[in-house]
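Participant: Fold the following, please.
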Amino acid sequence: MKRIFIPFTFLLAIMTQVAMAQESEKPIYTVAYNLVPDGFNYPLIGFVNQAKGNHKGAQIGFVNTNGKDFSGAQISFLNTAGGDVDGAQVGFVNVTAGGFKGSQIGFINTAIKESSGAQIGFVNTTVEESSGAQIGFVNTAAKYLDGAQIGFVNINPKKVDGAQIGFVNATKSLGSLQLGFLNYADSLEDNGVPIGLLSIVRKGGYKAIEFGFTEMHPVNVAFKIGVPRLYTTFNASYNPDLKDEFALGGGFGSIMTMGKVFYVNPEAIFQNQVGSNNDMLRLSLNLGVAISQKVHLVVGPSLTWVQSDKYYEYVEPNFYFRRETFDEDDELFLGINAALRYNFSY
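Facilitator: I've put the predicted structure just below:
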């Protein structure tokens, strides 16, 4: 019974202090509850701290609330400010109805207006412009992002001129860098570059399917997606003369234009022979020719390194210009590849 009575008495005391404070403009300064008027710039240390107007200094307790602008440090389980924050909010939940300069460190951090400091937590949200850093599991800047988002999921519905670095990155207009496993942008500006295993750009992106041959496989199918300056390619190959006929893999490529018709197209592709540990790394330097807007021909030399999983069990190519055997596992081939590519980006 005593265990229940003591917390109830403590809560009743706080409620009594609050009721008294609302009827008076005089500061109330106790361990349980502190309430001060605008301009009372002394530290507030208690279970519940409330500043009606502007406050400078420190608020340390379980719940800190500030009516208007706050400058200093709020440290508690719940920190709120009705205006701007210039300093630090450190707690489980940090909220400012204005913007902030400084840092919000907690599980949930929210700035209703612009932020130019650091939000470090599990969920970080800035409703207006963010020019600082958001570091957490889920980061959201609802309007303009000129800073950095570093987390598992980074979201910006408007425009990114800073950087999104995470597992999933999404924005409407990309003018800088996305680095992640999955990148999405509705449109791309001149300096926008998504780098990832899968980068999807709805307007201004690159998407193509390719059919061709190499010295190792007479049948190759590839799907390419990303942006022209850096795209991802997923490749499937077939050679009926090999013990393990199929190979799967992927890599990266780039298109460097030389006018409207010709372009240079370097690619790096890694593949594994399905059913074995035979691996291949192919570097190619292709010349691309736009037969039409959508149909392209690419052809060029390739250098293929092959590593076999068994002693002298080499993967025999269909043809090659030069062959170098280094040991019982490793060989290098100089060959050629060619393909027809259908570009459906436009």
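
Participant: ok, which stretches of this protein are helices?
Facilitator: For the chain, the helices defined by DSSP state H occupy 2-22.

Participant: Any stretches of it with poor pLDDT?
Facilitator: Scanning the chain for pLDDT under 70 picks out 1-25, 309-315, 346.

Participant: can you list the domains in this protein?
Facilitator: 1-101, 114-204, 206-343 (automatic domain parsing).

Participant: which of those domains is buried the deepest?
Facilitator: domain 114-204 (a mean of 21; mean count of other Cβ atoms under 10 Å). (Glycine included, C-beta is placed from N, CA and C.)

Participant: about what we covered before: let me have the domains of the chain in a markdown table, adding distance to residue 108 as columns.
Facilitator: Shown next, in a markdown table, are those (distance: least, Cβ to Cβ, whole Å):
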| stretch | distance to residue 108 |
| --- | --- |
| domain 1-101 | 5 |
| domain 114-204 | 5 |
| domain 206-343 | 34 |
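
Participant: Name the nearest residue to residue 326, ignoring sequence neighbours.
Facilitator: Spatial nearest neighbour of residue 326, excluding adjacent residues (Cβ to Cβ, 6 or more residues apart in numbering): residue 332 at 7.1 Å.

Participant: tell me which residues form a beta bridge with that neighbour?
Facilitator: Beta-bridge pairing for residue 332 (DSSP bridges): residue 305, residue 324.

Participant: ok, it touching residue 320?
Facilitator: No: taking contacts as Cβ atoms under 8 Å, residue 332 lies outside contact range of residue 320: 9.7 Å.

Participant: give the contact list for the closest residue to residue 249 other than its chain neighbours.
Facilitator: Using Cβ to Cβ, 6+ apart and skipping the chain neighbours, the partner closest in space to residue 249 is residue 271 (3.3 Å). By Cβ atoms under 8 Å, 6 or more residues apart in numbering, the contact set of residue 271 is 235, 237, 247-249, 279-280, 282.

Participant: wait, which of those residues is closest to residue 191?
Facilitator: Among the contacts of residue 271, residue 235 lies closest to residue 191 (Cβ to Cβ), at 29.3 Å.

Participant: quick one, what contacts the closest one?
Facilitator: So residue 235 contacts 220-222, 247-251, 269, 271 (Cβ under 8 Å, 6+ apart).

Participant: For those residues, which two are the farthest from each other?
Facilitator: 221 and 251 (14.4 Å).

Participant: Do I have it right that residue 192 meets residue 172?
Facilitator: No: using Cβ under 8 Å, residue 192 makes no contact with residue 172, being 11.4 Å away.

Participant: overlap in contacts of the two?
Facilitator: Joint contacts of residue 192 and residue 172 (Cβ under 8 Å, 6+ apart) are residue 185.

Participant: Chain neighbours aside, what residue packs nearest to residue 236?
Facilitator: residue 221 (5.1 Å).

Participant: which residues touch residue 214?
Facilitator: Counting by Cβ under 8 Å, 6+ apart, the residues that residue 214 touches are 220, 237, 282, 302, 304, 335-337.

Participant: Equivalent analysis for residue 333, please.
Facilitator: 215-216, 303-304, 306, 317, 320, 322-324.
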